[in-house]
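starting from these lines, generate the structure:
(one chain, ligands or ions: 1)
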Amino acid sequence: MPPFTLPQLPYGKDALSPHISAETLEFHYGKHHQAYVDNLNKLIAGTKYENKDLADIVKNTSGALFNNAAQNWNHTFYWKSMSAEKNQSPKGPLAQAIDQNFGSYAEFEKQFAAAAVGLFGSGWAWLVLLKNKKLKIVTTADAKTPIGTASGTPLFTMDVWEHAYYIDYRNARAKYVEGFWKVLNWNFAGENFDQSMAVKRPTAWKQPLKKSSKRFRK
Ligand SMILES: [Fe+2]
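From the prediction side, this is the model:
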């Protein structure tokens, strides 16, 4: 049994239709993602990466191994970034953070769409929670991913490789981006946001003082 397998899609192949068709998922998930899984398994066979976690491989490799590992990670995250429960909107703390960081939801959507449509060539558009707890729209080329650069925590991603939209929209990436909003899984993005905000780093002044260390007793 090879170490990596194609993860289960979180919905049926026709669940995102008409925005993303079953035929697109047949190819994108069934052929492209499957090929990244198969290539990754071939590349790690007999190497020290055979028993490593996918994120570890992404963070510690380059070249073909990085490309195939990162495309596996990115696609798995992308499938989760969409939902059969259509027309969601951000809620709670994430909705507030979007307003604070971008002025309004409409302004966020405009900026994100401009970044996604404007990315030259193949790549990914992400909403990332930076380490300073600010939200940022990030685009990455080819297989590159925010988890590899440790710049922050991705909340959701949009695949803007042509294979993500060519069957449904031909070359019209902007139309695909419009459809993507309808299937975006804001519940998933919100959970990622809440988890990331809840991670507290201990600060020195919060550490309880040692009551009576013998070293300092007279
Ligand atoms: Fe893709």
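
any idea how far the worst-scoring helix or strand of the chain on mean pLDDT is from the chain center?
Sorting the helices and strands of the chain by mean pLDDT, DSSP states H and E puts helix 146-149 at the bottom, at a mean of 81. Put simply, helix 146-149 sits 10 Å off its chain's centre (C-alpha atoms, centre = their mean, to the nearest Å).

which secondary structure elements does that helix contact?
On a contact count with 3 or more C-beta pairs under 8 Å, 6 or more residues apart in numbering; DSSP states H and E, helix 146-149 meets helix 54-60, helix 63-80, strand 152-159. Yep, even glycine has a C-beta here, placed from its N, CA and C like the rest.

quick one: what helix or strand has Lys42 in it?
Using DSSP states H and E, the element containing Lys42 is helix 34-44.

buried stuff in that helix?
Within helix 34-44, the residues scored as buried using 16 or more other C-beta atoms under 10 Å are 36-37, 39-41, 43-44.

how about Tyr49, nearest residue that isn't a chain neighbour?
Ile57 (5.2 Å; C-beta to C-beta, 6 or more residues apart in numbering).

re earlier: so what secondary structure elements neighbour the helix holding Lys42?
helix 63-80.

what sits up against the helix or strand following the helix it packs on?
The helix or strand immediately downstream of helix 63-80 is helix 92-102, counting by DSSP H and E. With contacts defined as C-beta atoms under 8 Å, 6 or more residues apart in numbering, helix 92-102 is touched by 89-90, 105, 108, 111, 134-136, 155, 186, 189-190, 193-194, 197.

what's the spacing between the closest residue to Gly190 other than its chain neighbours and Asn101?
Of all residues not flanking Gly190 in the chain, Leu94 sits nearest, at 4.6 Å (C-beta to C-beta, 6+ apart). To Asn101, Leu94 is 10 Å away according to C-beta to C-beta, to the nearest Å.

who has more neighbours out of the two?
Each of Leu94 and Asn101 has its neighbours counted (other C-beta atoms under 10 Å); Leu94 has more, 22 against 17.

so who does Met197 touch?
93, 129, 133.

quick one, phi/psi of the second one?
Recorded main-chain torsions at Leu129 are phi -90, psi 110, according to degrees, to the nearest 10.
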